[in-house]
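Q: structure for this input, please:
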Amino acid sequence: MPKYNYTALDARGNETKGSIEVGSQNEAIGRVKEMGLFPTKIAEAEKEKSTDKKAKAKTAAAKPKAGGKKGGGMNLNIKIPGFGGGVKPKVLTTFTRQLATLVDAGLPLLRGLRVLEKQERNANLKSILGELSTSIEGGSTFSEALAQHPKVFNKLFVNMVKAGELGGVLEVVLKRLAEFSEKAQKIKGKVKAAMFYPTAVMIVAVGIMVLLMTFVVPKFKDVFAGMNITMPKFTLLVLWISDVIKNNILATMGGIAVVVVLFLLFIKTKFGRHLWDKFKLKAPPMGQVVTKVSISRFARTLGTLVSSGVPILQALNIVKETAGNVIIANAVSKIHESVKEGETITAPLEASRVFPPMVVSMVDVGEQTGAMPEMLLKIADNYDEEVDNAVSAMTSLLEPIMIVFLAVIVGSIVIAMFLPLIAMISNMSGDDPGGKTKE
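A: Residues are numbered from 1 along each chain as shown. Below you'll find the predicted structure:
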């Protein structure tokens, strides 16, 4: 009967190793679970020895030869700039959900990663899964392996997995991570869908304006050149803009590009980022959506972390880094300082003037009753629904605004071109533009 070596976690999160003689790996998994342990690695003793020998041989081959230059030889840990990331949030969410399902079904973590590696189509994630498996085989924990890829797995992901490992509830934490990612993607998708219409209208408006200014308006200019009439100032302005765009198209595009680059550089500065993030929270009609999304993200991230066993101070630091808005991050920083001093969360939450009274009151009740994680998740669910309503309201408001905007752009150019024709018709009928009859 084959012998299997196992590594497992007990109810307190302590790692236990041992070996059992059973007929198959599935039987070994069942036997370890019957012992009240949560298996993280189970391998046949003979195959494990063979794997260890291969790993040692690879390690020896990777070491630089004696007397060689520092850093010589093949360094397998070198990361080329621009590579190593490239995993879309949607792909990562799918991976998390699949891994949670496999682990919950009783499949060992290492085997689950190998299965997902074989079926993964994303080349970057496939490579990373292979590295995760290798790290775990080498004795690293899952959270330690994840921490080696910060561009793909952020601190939220790593710390929640670490808490799950310590508490022996890795499958529960992975489920929460999957749900968290799915809801975050859902909210992001709704906001993107809401912004599609105004963005499309803006692109159409710019396209029409460029077309009119470079092809249509110059035709009218040639017609006006043969007329002995005084041009209205508005018409002269439109003709001048048309000349600038047509004769200096590269300079115009360059000027627009410079403005965009300067704006992007400005919002990367501390003052610029603060000003821009504050504007996003206040500007109508987008401000309501951004505020509700930020509050939902804050509540769900903190609630998910605390309910998974991450210490409150560490959880607040992670929430601060993943807030996505400087104003919210500053508020979370003040909450962190308050909790660090032994005070409540409610006072700095209210003082920030970012969170509505309802949120402050619910957090206060959760803090007093000891049900903080549950209350935070209820806030997040409530604000997810409010985001839907805010997005619908914003879309309803933006549609007429964009239509009017497009009508004003096109209508202004058309009116500017017809003003001289109206003046000419008035002259031909014997009336001057002011309404006086010619003698």
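
Q: check which residues of stretch 302-313 are buried.
A: By neighbour count, with 16 or more other Cβ atoms under 10 Å as the criterion, the buried positions of stretch 302-313 are Leu302, Gly303, Thr304, Leu305, Val306, Ser307, Ser308, Gly309, Val310, Ile312. The way it works is simple: take the backbone N, C-alpha and C, and place the C-beta from them, glycine included.

Q: helix or strand for the second one, which one?
A: The secondary structure element spanning Gly303 is helix 286-307 (assigned by DSSP states H and E).

Q: lowest average confidence, helix or strand, in this protein?
A: The helix or strand of the chain with the poorest confidence is helix 45-62; it has a mean of 49 (mean pLDDT, DSSP states H and E).

Q: immediately after that one, which helix or strand?
A: With elements assigned by DSSP H and E, the helix or strand that comes after helix 45-62 is helix 89-104.

Q: now do that following helix: distance to the chain's middle.
A: A distance of 17 Å separates the centroid of the chain from that of helix 89-104, by Cα atoms, centre = their mean, to the nearest Å.

Q: same thing with stretch 281-295?
A: Relative to the mean C-alpha coordinate of its chain, stretch 281-295 is positioned 16 Å out (Cα atoms, centre = their mean).

Q: so what's the model's average confidence on stretch 146-165?
A: Per-residue pLDDT values across stretch 146-165 average out to 86.

Q: and stretch 417-435, by the same measure?
A: Looking at stretch 417-435 alone, the average pLDDT works out to 69.

Q: please apply the same query to stretch 383-399.
A: Taken as a whole, stretch 383-399 has a mean pLDDT of 82.

Q: then stretch 124-141?
A: The predicted model assigns stretch 124-141 a mean pLDDT of 88.

Q: for Val259, grab the count of nearby residues.
A: 10 (other Cβ atoms under 10 Å).

Q: so where's this structure uncertain?
A: Counting by pLDDT under 70, the chain contains low-confidence residues at 1, 9-14, 38-40, 46-86, 429-439.

Q: what ranges does the stretch 301-439 of the chain have for its helices?
A: Counting by DSSP state H, counting those that start in this stretch, residue ranges of the helices within the stretch 301-439 of the chain are 312-321, 326-340, 346-351, 357-369, 372-428.

Q: now those in JSON lines, with distance to Gln185?
A: Below are the helices of the stretch 301-439 of the chain laid out as JSON lines (distance: least, Cβ to Cβ, whole Å):
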{"stretch": "helix 312-321", "distance to Gln185": "19"}
{"stretch": "helix 326-340", "distance to Gln185": "20"}
{"stretch": "helix 346-351", "distance to Gln185": "27"}
{"stretch": "helix 357-369", "distance to Gln185": "23"}
{"stretch": "helix 372-428", "distance to Gln185": "12"}
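
Q: what's the closest of those to His274?
A: Among the helices of the stretch 301-439 of the chain, helix 326-340 comes nearest to His274, with 5.1 Å by Cβ to Cβ.

Q: off-centre distance for that closest one?
A: Relative to its parent chain, helix 326-340 has a centroid offset of 21 Å by Cα atoms, centre = their mean.

Q: buried ones in that helix, by neighbour count?
A: By neighbour count on 16+ other Cβ under 10 Å, the buried set for helix 326-340 is Val326, Ile327, Ile328, Ala329, Asn330, Ala331, Val332, Ser333, Ile335, His336, Ser338, Val339.

Q: so which elements touch it?
A: The elements that helix 326-340 packs onto, with contact taken as 3 or more Cβ pairs under 8 Å, 6 or more residues apart in numbering; DSSP states H and E, are helix 270-282, helix 286-307, helix 312-321, helix 346-351.

Q: touching it from outside, list them.
A: By Cβ atoms under 8 Å, 6 or more residues apart in numbering, the residues outside helix 326-340 that reach it are 273-274, 277-278, 281, 294, 298, 312-313, 316-317, 319-321, 323, 344-345, 347-349, 351-352, 354-355.
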